[in-house]
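> Here is my input; please provide its structure:
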Amino acid sequence: MDYLVSYGELALKGKNRRFFEKKLLQSLKDIFKRDKLSMEASFLYGKILVKSREEKALSEEILKNVFGVAALRPVTVFPYDYDNLKANLIPILRPAVDASSPRTFRITAKRAFKPFPMDSMAVARELGSLVLDHFPELQVNLSRPDMEITVDIRSEGFFVSLEKVRGIGGFPEGSQGRALLLLSGGIDSPVAGYLAMKRGLATDFIYFHTPPFTGEGALNKVRALAEALRLRGSRSRGYLYIADIAGLQKEIIARCQSDYATLLLRVAMLKTAGAWARQQGYDALITGDSLGQVASQTIHSLAAVDAVAETFTLRPLIGYDKTEIMDLARELGTMEISNRPFEDCCSLFVPEHPATRPGEALLRRESEKLPLGPYVETPDRFIRSERV
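Here you go, the predicted model:
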């Protein structure tokens with residue numbers, strides 16, 4: 001089966017459009033190669049043509065979930081011969097008409113190849129008359145037809161489609177830079193990572209391991225989440241960085257105000273991750289924060305932590321509520337993994353009465369009690385990497 005793939009907002013990028021098109025084409029090819037699929041992709045003007053020898057259902061499931069794909073149409077390709085198209089159009093339509101018994105139809109012609117001598121409206125009228133001659137029970141409905149017959153006119157031929165499959169849109173992976181996701185074992189951070197990937201960020205993962213407070217079960221859960229997220233993108237491999245900050249957590253418990261413990265842990269994580277991101281060439285950090293969801297995610301808490309941590313942090317979930325996040329997690333297949341009974345270091349050390357309106361000055365003073373220097377200056381001493 002052949003497919004015409006369209007790419008929505010990528011087409012609005014002006015002089016940068018070709019860059020995004022190439023990124024999308026490469027993403028498709030990388031997925032086909034990684035997953036050993038019998039599919040090929042090539043440019044057409046304003047579209048990408050995919051030729052697939054896989055089953056239709058599998059092909060469409062793969063294509064519609066590629067970041068950057070706005071829509072796809074299964075197409076029958078005819079040679080660039082208008083008389084041949086008219087002679088063979090009805091045999092293509094008859095099985096579809098018999099199967100779905102539509103009452104109305106519309107012909108939508110798109111003339112991408114301008115030297116073709118007829119304009120789009122003339123083609124639609126002529127082919128519409130042909131359809132009515134063979135299917136007199138049908139009526140034309142230009143606004144909400146039961147069946148839409150799309151004819152793309154190109155130098156490579158005529159591409160006829162009866163179906164449109166919506167894609168997830170967004171930008172091709174890596175087209176907007178690289179980011180590092182603070183990945184916990186919870187529900188929120190994997191969803192945040194997915195949304196960042198959808199907006200074109202090539203995303204790797206950092207997990208804060210605090211043995212003996214968190215064990216191998218918690219780490220394995222994060223590994224599974226990282227693998228599930230990577231497979232949503234196009235890369236054959238990604239990185240999971242494991243940062244050991246058990247020493248900092250002990251210092252927070254021993255030396256700092258208890259109501260600031262969670263915020264101080266967040267500062268320690270962001271400072272460590274930010275230093276590692278700069279060293280490894282990442283452009284931003286990503287967290288699963290959602291405004292007001294917990295005490296550490298009030299507007300005052302987020303502002304104070306950002307000011308003290310001094311990192312560039314993206315929060316894709318900032319306007320989502322918990323129900324929306326959980327729905328997305330179920331769609332992604334990460335919900336089941338996140339619900340496994342192993343807790344991360346944040347959930348294990350929530351103070352009984354956490355600060356919800358922290359002062360930046362006090363948070364800064366409390367953070368200065370911590371030995372953060374080595375974690376910021378030489379983060380590689382505390383971080384190891386795995387391929388996922």
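
> my read: Ala307 touches Leu362, true?
No - between Ala307 and Leu362 there is no contact under C-beta atoms under 8 Å: 11.8 Å. Yep, even glycine has a C-beta here, placed from its N, CA and C like the rest.

> how about stretch 76-85 as CSV, C-alpha atoms only?
Output in CSV follows, covering the C-alpha atoms of stretch 76-85 (Å, rounded to 0.1, in the frame of the first residue of the first chain):
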residue,chain,number,x,y,z
THR,A,76,-3.9,4.2,-5.4
VAL,A,77,-1.3,5.5,-7.9
PHE,A,78,-2.1,5.9,-11.5
PRO,A,79,0.4,6.9,-14.3
TYR,A,80,0.4,10.5,-15.5
ASP,A,81,-2.3,9.8,-18.0
TYR,A,82,-5.7,11.4,-17.5
ASP,A,83,-7.6,9.1,-19.8
ASN,A,84,-6.2,6.1,-18.0
LEU,A,85,-7.4,7.6,-14.7
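
> model confidence over it, on average?
Mean pLDDT, stretch 76-85: 96.

> Likewise for stretch 114-133?
Confidence over stretch 114-133 (mean pLDDT, whole number) is 96.

> so where is this protein shaky, pLDDT-wise?
Where the chain drops to pLDDT under 70, the residues are 11, 343-351.

> try 80
Within the chain, the ranges that satisfy pLDDT under 80 run 10-14, 213-214, 342-353.

> mind listing the strands in the stretch 251-388 of the chain by residue range?
Secondary structure of the stretch 251-388 of the chain (DSSP state E, counting those that start in this stretch): strands at 284-286, 313-314, 383-387.

> Against Pro172, how distant is the residue minimising distance to the centre of the chain?
Residue closest to the average C-alpha location in the chain (C-alpha atoms, centre = their mean): Lys198, at 2.5 Å. Noted for Lys198: a distance of 10 Å to Pro172, by C-beta to C-beta, to the nearest Å.

> Can you check which residues contact both of the two?
Residues touching both Lys198 and Pro172 by C-beta atoms under 8 Å, 6 or more residues apart in numbering: Phe67.

> Which residue, other than its chain neighbours, is closest to the residue nearest to the centre of the chain?
Nearest residue to Lys198, sequence neighbours excluded (C-beta to C-beta, 6 or more residues apart in numbering): Gly170, at 3.9 Å.

> these two touch, right, that neighbour and Val66?
No - between Gly170 and Val66 there is no contact under C-beta under 8 Å: 9.2 Å.

> Tell me which of these two has more neighbours.
Of the pair Gly170 and Val66, Val66 is the one with more neighbours under other C-beta atoms under 10 Å, namely 26 against 22.

> Need the three-state assignment for that one.
Secondary structure for Val66, judged by DSSP: H, G, I helix; E, B strand; the rest coil, is coil.
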